[in-house]
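[1] please work out how this folds:
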Amino acid sequence: MFATRVLRQAAQHAERTPSIRFIGRRTIPSSVDHSPQPHPAAPSQSLPADWGKSSHTSFSAYRDHAQQFGPLRKTIRADAGVGGNAGSALGSVAPPKGFYFDRNDLPERFHRTRLSLAEIEAIETGGAAAFA
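    Numbering: from 1, shown residues only. From the prediction side, this is the model:
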């Protein structure tokens, strides 16, 4: 009845050795290079050509500009920042010819097929109704 209690007490009094062993004390490196460097997995192993120019003085400034694509890119201005222009000034957001935003905009043959009532019933019952 008190097996758990007995096991807990035995575990407290047992000699416990940790599984992880650390070598030496933790020390803070005396010199750390904080200069910008490319990521070790980057394909080019070099920073972008415009890195450090007046528009990209920090990584966060570079990231803000690098993330914007398409019509939203026009809204980044040095004096106003992101959202400097009204949405109506960005122009049309319609896809170019040959591009589609939704599968239902494609021709009929590319639409999803409709589920039959039997398939819906099988899904809702987990397939159990098929064997009854």
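[2] can you pull out the helices in this structure?
    Using DSSP state H, the helices of the chain run over 3-13, 59-66, 117-124.
[3] lowest confidence element among the helices and strands of the protein?
    When each helix and strand of the chain is scored by mean pLDDT, DSSP states H and E, helix 59-66 comes last, with a mean of 70.
[4] for the nearest residue to residue 46 once chain neighbours are set aside, give me its contacts.
    Nearest non-adjacent residue to residue 46, counting by Cβ to Cβ, 6 or more residues apart in numbering: residue 38, 5.8 Å away. For the C-beta atoms, the positions are set from N, CA and C on the backbone; glycine is no exception. Taking Cβ atoms under 8 Å, 6 or more residues apart in numbering as the contact definition, residue 38 lies against 44, 45, 46, 47.
[5] any idea which of those is closest to residue 22?
    Nearest to residue 22 among those is residue 45, at 33.3 Å by Cβ to Cβ.
[6] re the thing from before, dump the helices of the chain to TSV, plus mean neighbour count and distance to residue 26.
    Listed next are the helices of the chain as TSV, based on neighbours: other Cβ atoms under 10 Å; distance: least, Cβ to Cβ, whole Å:
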stretch	mean neighbour count	distance to residue 26
helix 3-13	9	28
helix 59-66	12	28
helix 117-124	11	56
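[7] those into a markdown table, with extra columns for distance to residue 86?
    Formatted as a markdown table, the helices of the chain follow (distance: least, Cβ to Cβ, whole Å):
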| stretch | distance to residue 86 |
| --- | --- |
| helix 3-13 | 67 |
| helix 59-66 | 20 |
| helix 117-124 | 46 |
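[8] in terms of mean pLDDT, which of those ranks lowest?
    Lowest mean pLDDT of the helices of the chain: helix 59-66, a mean of 70.
[9] state the distance from residue 13 to residue 63.
    To residue 63, residue 13 is 55 Å away according to Cβ to Cβ, to the nearest Å.
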